[in-house]
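Peer 1: Based on what follows, work out the 3D shape:
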Amino acid sequence: MKPQALSQLLTLSIALTRAQPSQLTDSVNGFYSALIQAIKACINADAVALLLNQNGMLTPVALDGLTRDSFGRRFDINAHPRLAAIGQARGPLRFDEHCDLPDPYDGLLLATDGDMPVHSCMGLALFDEQRLLGILTLDSLTPGSFSHYSESFLQHVNDIVTEQVKCAMYNEQLLRKAQHGNALVLALNQATHDMVGQSAAMHSLCSDIQLVASSDFSVLVHGETGTGKELVARNIHKYSPRAEQAFVQVNCASLPETLAESEFFGHRKGAFTGADKSREGKFMLADGGTIFLDEIGELPLSIQSKLLRVLQSGEIQPVGADKTEQVNVRVIAATNRNLENEVAQGRFRADLYHRLSVYPINVPPLRARRDDIPLLAGFFIEQVRKKLGIKQVTLNSKLETILKQYDWPGNIRELEHVISRSALRAKQAQWPADIICIEPKYCELHTSNIITETKVSVPSTANATQALKVAVDDFQRGKIIQALEEHNLNWSATARALQIDRANLVRLAKRLNVQIKKYL
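Peer 2: Coordinates of the predicted model:
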């Protein structure tokens, strides 16, 4: 091997070793991003992506040269022949420039618009013995740009990347195990297709989920309609020691008061008219696992007292039964109501509220995590692409800007429906094109909910430094108040979202004259 090639391999290895996460504050995502840049410095490519395998679905964790919505997409390896070929090759695979296999990145490369021209494509499969960890893809718009690299050089690159990715995964497992316990190690290897996002608010939410999952605490999930409270509950269960047991969901809002007790605790034959046989309740079905009480704020007071007994003693009494039965169930509840206000108004029991909210989690509205909108759009686009049987669906850049400016009163659920409707309209208008592009004209949004850019006027004074200080203080004050409101006035959650120490945040708020008594 030539000295230049050896030097490139050494540089690559050193760069990746230095980027490895070494402490809890380090992010493995930071390592993956560094890996992409190190590869681009070693091999000339217009687009590089690292996709990790999660039960047959390839999830992008770092990329360069591809649209941002690509982060939200999930690539079924069996549905993409090129990705499947890379995975089967168990090493570097260079595709012929005229290969007729469909490219999973058609319409997603930043350097192109629409169908990709003849280009170079290469992939590296990352294996841990017989298990496919992931795939590294490289694309260049210059035909033949990968042909001058020797097979030996590419194999060494493949080996270095594989070992470094394995090391990063192992380090992350050890670091999380040290912080949260053994229960999370299994969770790291489980699919998390439903938790999409990279914003500070999303990182804070995921941190809360991982922290409380290993405990057996009751959890109260609060958030607006459509924010994904059920997904939060499912992930808490999935990351918990109860993950192999049942997850039972109950929609409290749909339960008639007359049937709620039977639904929760079951009944015995003949307990009431129509009870022609005994039936197990939801709590018994969830024994050993988790029960998710959705819309807990809708539960009648008459049932709340009986639910309280389960939380206090683990005892249930089926309707018509003389004896109580013991159950071992973790309770996760969710609501879009302010239960503290409900307690004050006498519509919700204070003792039940405190039993449920041992660890409260606030799910941020979509408007508080606008940077995640392209990723979520990509996630839903990939889903609708499969349903509509389209080769590729892309998102117009102007529409991406509009989506980020929209206020999303219906949150993630509304975004999903908007993407689905828009894709259907785009397909009808552009059929039979291989690549369907969703443009603003196919997307109907209420203009009253679109945030327009406003100009900020800075006071004109002789003291320019003072004017700048006032502007900075005003900005910080507004950010703190906004974050407090988004996190239900919880200082710890607000500090995590703003990535600042809690004590420092409180001191800063006092200096800025934020109304501490109101928000503490």
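Peer 1: which residues of the stretch 151-300 of the chain score low on pLDDT?
Peer 2: By pLDDT under 70, the weakly predicted segments of the stretch 151-300 of the chain are 175-194.
Peer 1: can you rerun that using 80?
Peer 2: When residues are selected by pLDDT under 80, those of the stretch 151-300 of the chain lie in 171-194, 270-271, 273-276.
Peer 1: Residue 127 should be in a strand, yeah?
Peer 2: Yes. The assignment for residue 127 is a strand, going by DSSP: H, G, I helix; E, B strand; the rest coil.
Peer 1: Make 884 the starting number, not 1.
Peer 2: Sure thing, new numbering starts at 884, so read that last one as residue 1010.
Peer 1: buried sites along the helix or strand hosting residue 1040?
Peer 2: Assigned by DSSP states H and E, residue 1040 falls within helix 1034-1063. The neighbour-count check on helix 1034-1063 (16 or more other Cβ atoms under 10 Å) flags 1036-1037, 1039-1041, 1043-1045, 1047-1048, 1051-1052, 1054-1056, 1058-1059, 1063 as buried. Backbone N, C-alpha and C define where each C-beta goes, glycine included.
Peer 1: Skipping adjacent residues, who's closest to residue 1298 in space?
Peer 2: In space, and not counting its chain neighbours, residue 1298 is closest to residue 1259: 5.9 Å by Cβ to Cβ, 6 or more residues apart in numbering.
Peer 1: ditto for residue 1003
Peer 2: residue 1023 (4.3 Å).
Peer 1: How many neighbouring residues does the one you found have?
Peer 2: As a burial measure, residue 1023 scores 20 neighbours (other Cβ atoms under 10 Å).
Peer 1: For it, give its distance to residue 1190.
Peer 2: Using Cβ to Cβ, to the nearest Å, residue 1023 is found at 61 Å from residue 1190.
Peer 1: again with residue 1355
Peer 2: 49 Å.
Peer 1: Same drill for these two, tell me which one is more crowded.
Peer 2: Taking other Cβ under 10 Å, residue 1355 and residue 1190 do not tie; residue 1190 has more neighbours (25 against 11).
Peer 1: how near is that one to residue 1174?
Peer 2: Separation of residue 1190 from residue 1174 (Cβ to Cβ) stands at 10 Å.
Peer 1: so where do the strands sit in the stretch 1134-1283 of the chain?
Peer 2: Remark: strands assigned in the stretch 1134-1283 of the chain by DSSP state E, counting those that start in this stretch are 1149-1150, 1162-1163, 1173-1177, 1198-1199, 1208-1209, 1213-1218, 1242-1245, 1275-1278.
Peer 1: between these, which one is nearest to residue 939?
Peer 2: strand 1275-1278 (20.1 Å; Cβ to Cβ).
Peer 1: partner strands of the closest one, parallel or antiparallel?
Peer 2: Partners of strand 1275-1278 in the sheet, by DSSP bridges, are strand 1318-1321 (parallel).
Peer 1: for the record, mean pLDDT for the strand it pairs with?
Peer 2: Averaged over strand 1318-1321, pLDDT sits at 93.
Peer 1: So which bits of it are buried?
Peer 2: For strand 1318-1321, burial by neighbour count (16+ other Cβ under 10 Å) applies to 1318-1321.
Peer 1: What residue, apart from its backbone neighbours, is nearest residue 1369 spatially?
Peer 2: Residue nearest to residue 1369 in three dimensions, not counting chain neighbours: residue 1251, with 4.7 Å by Cβ to Cβ, 6+ apart.
Peer 1: Could you tell me what pLDDT the model assigned to that neighbour?
Peer 2: In this prediction, residue 1251 carries a pLDDT score of 93.
Peer 1: surely it meets residue 1368?
Peer 2: No. Using Cβ atoms under 8 Å, residue 1251 is not in contact with residue 1368; the gap is 9.3 Å.
Peer 1: Compare those two (neighbour count), which wins?
Peer 2: Between residue 1251 and residue 1368, counting by other Cβ under 10 Å, residue 1251 is the more crowded of the two (22 against 12).
Peer 1: Looks to me like residue 986 is in a strand.
Peer 2: No. Judged by three-state DSSP, residue 986 forms no part of a strand; its state is coil.
Peer 1: Residue 1004 is in contact with that one, correct?
Peer 2: Yes. Residue 986 lies in contact with residue 1004 (Cβ under 8 Å); the separation is 6.7 Å.
Peer 1: Between these two, which contacts overlap?
Peer 2: Residues touching both residue 986 and residue 1004 (Cβ atoms under 8 Å, 6 or more residues apart in numbering): residue 965.
Peer 1: Alpha carbons of stretch 1300-1315, in PDB - could you do that?
Peer 2: Only the C-alpha atoms of stretch 1300-1315 are listed here, as PDB (Å, rounded to 0.1, in the frame of the first residue of the first chain):
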ATOM      1  CA  HIS A1300     -52.200  14.300   8.500                       C
ATOM      2  CA  VAL A1301     -50.900  17.400   6.500                       C
ATOM      3  CA  ILE A1302     -48.000  15.300   5.000                       C
ATOM      4  CA  SER A1303     -50.400  12.500   4.100                       C
ATOM      5  CA  ARG A1304     -52.900  14.700   2.400                       C
ATOM      6  CA  SER A1305     -50.200  16.700   0.600                       C
ATOM      7  CA  ALA A1306     -48.500  13.600  -0.700                       C
ATOM      8  CA  LEU A1307     -51.700  12.200  -2.100                       C
ATOM      9  CA  ARG A1308     -52.500  15.500  -3.900                       C
ATOM     10  CA  ALA A1309     -48.900  15.600  -5.200                       C
ATOM     11  CA  LYS A1310     -49.100  12.000  -6.500                       C
ATOM     12  CA  GLN A1311     -52.400  12.800  -8.300                       C
ATOM     13  CA  ALA A1312     -50.900  15.900 -10.000                       C
ATOM     14  CA  GLN A1313     -47.400  14.500 -10.900                       C
ATOM     15  CA  TRP A1314     -48.200  10.800 -11.700                       C
ATOM     16  CA  PRO A1315     -46.600   8.800 -13.200                       C
END
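Peer 1: If you count neighbours, what's buried in it?
Peer 2: By 16+ other Cβ under 10 Å, the buried positions in stretch 1300-1315 come out as 1301-1303, 1305-1310, 1313.
Peer 1: if we can go back for a sec, what about the residue nearest to residue 1298, how many neighbours?
Peer 2: By other Cβ under 10 Å, the residues close to residue 1259 number 22.
Peer 1: what does residue 1361 give?
Peer 2: 12.
Peer 1: the helices in the stretch 1284-1403 of the chain, which residues?
Peer 2: Using DSSP state H, counting those that start in this stretch, the helices of the stretch 1284-1403 of the chain run over 1294-1313, 1347-1369, 1374-1381, 1385-1394, 1399-1402.
Peer 1: Give the buried residues for the longest one.
Peer 2: In terms of neighbour count (16+ other Cβ under 10 Å), helix 1347-1369 has its buried residues at 1359-1360, 1363-1364, 1366-1367, 1369.
Peer 1: With distance to residue 1009 added, can I get the buried residues of strand 1318-1321 in JSON lines?
Peer 2: Formatted as JSON lines, these follow (distance: Cβ to Cβ, whole Å):
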{"residue": "1318", "distance to residue 1009": "29"}
{"residue": "1319", "distance to residue 1009": "32"}
{"residue": "1320", "distance to residue 1009": "32"}
{"residue": "1321", "distance to residue 1009": "32"}
